[in-house]
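Asks: Sequence plus predicted model, see below.
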Amino acid sequence: MMLYYTTNVTRMILENGFYVIESKRLILTTSQAEQFYAEHKGKFFQNRLVSFMSSGPLWTYILCGDNAISRWRKLMGPTKVLKTVYDEPLSIRGLYGLTDTRNCTHGSDSEENAEREIQFFFPEFNIKKWYETEHDFFRQDFVEFDHDKLKHVICS
């Protein structure tokens, strides 16, 4: 089932003009999920969120594109899944979200948080180096999507 969701979400990402800089499949430990969602410590939904995020494999992506954060948040749809099913039925959460805490996706809400979250999930990724060596290839659309690597690569 996860492959079905991953394939469809990846398709939606590409159809909406995003570039995938990196992607990886991983499984968070409870401790890692608690660390990632530390800002929600003490909130009523924190235990459910941590339990769900550490319950099995997930795919993480670094996306880029013009206005990527706001466009990604629009594509995800609102966090309230029951409302989203009616208001934004073709959003990712409208199609695949189950509950408000099991809503299928996460997205950074600012560039600052995006950088922090990228370092959390992709500690080996050097944002500064990517901007210096690869960013221009993406801006000029001199990349293609590699379906085996699940990311865009520079055209050879």
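Replies: Sure, I can see it.

Asks: Going by C-alpha atoms from here, please, whenever you check contacts or count neighbours.
Replies: Will do.

Asks: Pull the contacting residues for residue 143.
Replies: 137, 152-155 (CA atoms under 8 Å, 6 or more residues apart in numbering).

Asks: which pair in those spans the largest distance?
Replies: By the measure CA to CA, these have their two most distant members at 137 and 152, which lie 10.4 Å apart.

Asks: more neighbours, those two?
Replies: Using other CA atoms under 10 Å, the more surrounded residue of residue 137 and residue 152 is residue 152, with 21 against 14.

Asks: partner strands of the strand or helix carrying the more buried one, parallel or antiparallel?
Replies: Residue 152 belongs to strand 151-154 when assigned by DSSP states H and E. Using DSSP bridges, the strands paired with strand 151-154 are strand 143-146 (antiparallel).

Asks: Tell me which residues of the strand it pairs with come out buried.
Replies: Within strand 143-146, the residues that count as buried by 16 or more other CA atoms under 10 Å are 143, 145.

Asks: now, among the contacts of residue 143, which is nearest to residue 89?
Replies: residue 152 (27.8 Å).

Asks: Identify the residue spatially nearest to that closest one, adjacent ones excluded.
Replies: In this structure, residue 152 finds its nearest non-sequential neighbour in residue 145, 4.1 Å apart by CA to CA, 6 or more residues apart in numbering.

Asks: sorry, back to before: and the contacts of residue 143, which is closest to residue 117?
Replies: residue 152 (19.9 Å).

Asks: Please name the residues that touch the closest one.
Replies: 19-22, 143-146.

Asks: what number of residues lie near residue 125?
Replies: Neighbours of residue 125 (other CA under 10 Å): 15.

Asks: and if you look at residue 31?
Replies: Counted with other CA under 10 Å, the neighbours of residue 31 add up to 11.

Asks: and if you look at residue 140?
Replies: 8.

Asks: go on, residue 117?
Replies: Count around residue 117 with other CA under 10 Å applied: 16.

Asks: What's the end-to-end length of stretch 78-93?
Replies: With CA to CA, to the nearest Å as the measure, the first residue of stretch 78-93 is 7 Å from its last.

Asks: Next: stretch 24-43.
Replies: For stretch 24-43, the first-to-last residue distance is 29 Å (CA to CA).

Asks: Good, we can wrap up now.
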